[in-house]
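Undergrad: Next comes the sequence, and after it the predicted model I'd like to discuss.
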Amino acid sequence: MSKRSLEMTLVTCRTINQGAAREGEKMGYEYQRACGICYMDYEDMKLLDILPGDCVLVKSPYGEVVLRVERSKDEPHKGILVVPLGPWANKIVDPETHSTGMPSLKGILVTVEPTFESIPNIKELISAFHS
Amino acid sequence: MPREVVTDVVCPVCGSLCDDITVIFGDGGRIIEVENACSVGASKFLNSQSEHRLKKPLMKKNGSFVEISLEKAVKETARLLANAERPLLYGWSNADCDAQRVGLELAEEVGGIIDSTTTICHGPSVLATQEVGCPTCTLGEVKNRADVVVYWGSNPIHAHPRHMSRYTTFPRGFFRDKGEKDRTIIVVDVRQTDTAKLADYFIQVKPGYDYEVIAAMRAILKGYSINASEVGGVSTSKIKEVVEVMKNAGFGALFFGMGLTMTRGKHRNIDNAISLIADLNSFSKWVLMPMRGHYNVSGTGETFSWVTGYPFAIDFQRGFPYYNPGETTSIDLLMKNEVDAALVVASDPVSHFPAAAVKHLAKIPVATIEPHPTPTVEISKIVIPPAIAGIEAEGTAYRMDHVPIRLRKIVDPPEGCLPDKEILEMILDEVRKIRK
């Protein structure tokens, strides 16, 4: 895979699939399918030369995570990377609360690059907390 | 076999608390169909009887869970809390108000901190409300009166799927008998969400620039001119056009979500939004309401406030309730490695807290009261599965407009699974015995 990368703004979101999977089996594949993804504007996908279903490595100052790409139905939002709330998004969000108690879960600058790595499953994410 | 049909069930999922759900039972009391619910609500009812449901208390030994008796689980949880110096009691938004009240007693008894999921959803809204108030109303008033509805940083089609059809946009109201045709919908978001696609006016704001757009609206309302062609990525002419619609509303309602509370500005965004509503009341009748997520997160604010005077993040270590968001809020406590034990009730912080905060939670002993396997269950030392409130147990929950609604019990829980309140009362009794 080439060394292309893109600076984007991370915005976490709710989706109906994430909600239904959350009320279902959280330790199962459905939850990963609903939350281990990111929605991207087609213009950004062209810049990275990737297709829906490809994986990207998303890096922020707080961590990094591999996510599957889907073309956003809410275009145009060039430069905005939309990720459903969940354990995958939590790897890259800003824990700073600015004395409000609320971490910064939207508007975080991230770097996105194509990758051949696979998306971590929920058990791998949990075991990372113990390492 | 005749099928049993239970009507008018309250859905214990989101803050809309839809009360028109029909649940259909098949052989052996199994839920086979859920009518009127959105896919999230249906998923909760159907999964309440799924194979992966936890039925026995668990305790971790040598890295694996083993089944234990309820009495032992209660004793171990009580010991864990009573021996801790700074325990955190977190969650509560998927539990009924009676369980929350016992939770407060327990927090006081162990001198711990009690915090709800408000801390990572509408905590900033609470802070803003404490500063500038909150002109609001019930959802019934919105349904019957509102002719202009604004969703700001909120996508109810996905997060509160029946909100528009039951309360704000599509229903025919007493003074809005043509339903959707009598109403103007305005959506403000960083992308054209499925909610925005249904709107009459869509304002696409740059991420983190909500405060500026609200400020521009307030300036225009007060008669000032804006010396810029755009504010926060929105053309000034568009802002003026929307302000004109809002000024001429008969009854306007603004609903706001995480797009305002989680983004740059946080409580200041809400402060400004509430002030915008106050300004609009010089021209017309306007109200606003936060789009509460968990079905009883409003109830935590109500219960915590009428017992202690504070709505969330309450610290009992001094022997009296102490509240200081930024210091006594869960994320800040975990980021400072301050808590040494945790009781999680009806919530899944491992899935919803930033990873940096979860790292500390994974290091300390955690007891969890939770019916399903979740990432929080995985890191817990003790797990007690309860009866699910609203399906297997009765209780009271507050809708997002702070209207209390009685949850119904429609099916028996798995044998040995007690309601949250009863489990918490057993833990409280045990803690009192230890501390005597």
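TA: Cool, got the structure.

Undergrad: Show me the strands in the stretch 151-300 of chain B, by range?
TA: In the stretch 151-300 of chain B, the strands defined using DSSP state E, counting those that start in this stretch lie at B:184-189, B:201-204, B:230-231, B:234-235, B:251-256, B:285-290.

Undergrad: Point out the most buried one among these.
TA: strand B:251-256 (a mean of 25; mean count of other Cβ atoms under 10 Å in any protein chain shown). Any C-beta I mention is one placed from the backbone N, CA and C, and that applies to glycine too.

Undergrad: That one pairs with which strands?
TA: Strand B:251-256 has its sheet partners listed here by DSSP bridges as strand B:148-152 (parallel), strand B:285-290 (parallel).

Undergrad: returning to that earlier point: now render the strands of the stretch 151-300 of chain B as TSV, adding mean pLDDT.
TA: Shown next, in TSV, are the strands of the stretch 151-300 of chain B (pLDDT from 0 to 100):
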stretch	mean pLDDT
strand B:184-189	98
strand B:201-204	98
strand B:230-231	98
strand B:234-235	98
strand B:251-256	98
strand B:285-290	97
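
Undergrad: Take these and lay them out in a markdown table including distance to B:P419.
TA: What follows is the strands of the stretch 151-300 of chain B, written out as a markdown table (distance: least, Cβ to Cβ, whole Å):
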| stretch | distance to B:P419 |
| --- | --- |
| strand B:184-189 | 39 |
| strand B:201-204 | 44 |
| strand B:230-231 | 51 |
| strand B:234-235 | 49 |
| strand B:251-256 | 32 |
| strand B:285-290 | 28 |
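
Undergrad: Looking at these, which is nearest to A:D41?
TA: For these, proximity to A:D41 was assessed by Cβ to Cβ; strand B:201-204 is nearest, at 12.4 Å.

Undergrad: got the contact list for the closest one?
TA: By Cβ atoms under 8 Å, 6 or more residues apart in numbering or on different chains, the surrounding residues in contact with strand B:201-204 are A:77, B:184-192, B:196, B:213, B:233-234, B:238-239, B:241-242, B:245.

Undergrad: and if we set it to 6 Å?
TA: Applying Cβ atoms under 6 Å, 6 or more residues apart in numbering or on different chains, the contact partners of strand B:201-204 are B:I186, B:V187, B:V188, B:A196, B:V234, B:V242.

Undergrad: ditto for stretch B:83-98
TA: Taking Cβ under 6 Å, 6+ apart as the rule, stretch B:83-98 contacts B:81, B:100, B:103, B:107, B:110, B:112-117, B:294, B:296-297, B:299-300, B:303, B:330, B:338-347, B:389, B:395-396, B:420-421.

Undergrad: Filter the residues you listed down to the buried ones.
TA: Those of the contacts of stretch B:83-98 that meet the buried threshold are B:81, B:100, B:103, B:107, B:110, B:112-117, B:294, B:296-297, B:299-300, B:303, B:330, B:339-347, B:389, B:395-396, B:420-421, by 16 or more other Cβ atoms under 10 Å in any protein chain shown.

Undergrad: In strands, which of those residues fall?
TA: Among the buried ones among the contacts of stretch B:83-98, the ones falling in strands (DSSP state E) are B:I113, B:I114, B:D115, B:S116, B:A341, B:A342, B:L343, B:V344, B:V345, B:G395, B:T396.

Undergrad: Next, give me the two most distant ones among the residues you listed.
TA: B:A341 and B:T396 (28.9 Å).

Undergrad: The stretch 251-400 of chain B: helices as residue ranges?
TA: Using DSSP state H, counting those that start in this stretch, the helices of the stretch 251-400 of chain B run over B:258-261, B:267-280, B:297-308, B:330-335, B:349-352, B:355-361, B:375-379.

Undergrad: hey, which of those helices is tucked in deepest?
TA: When the helices of the stretch 251-400 of chain B are compared using mean count of other Cβ under 10 Å, helix B:258-261 is most buried, at a mean of 27.
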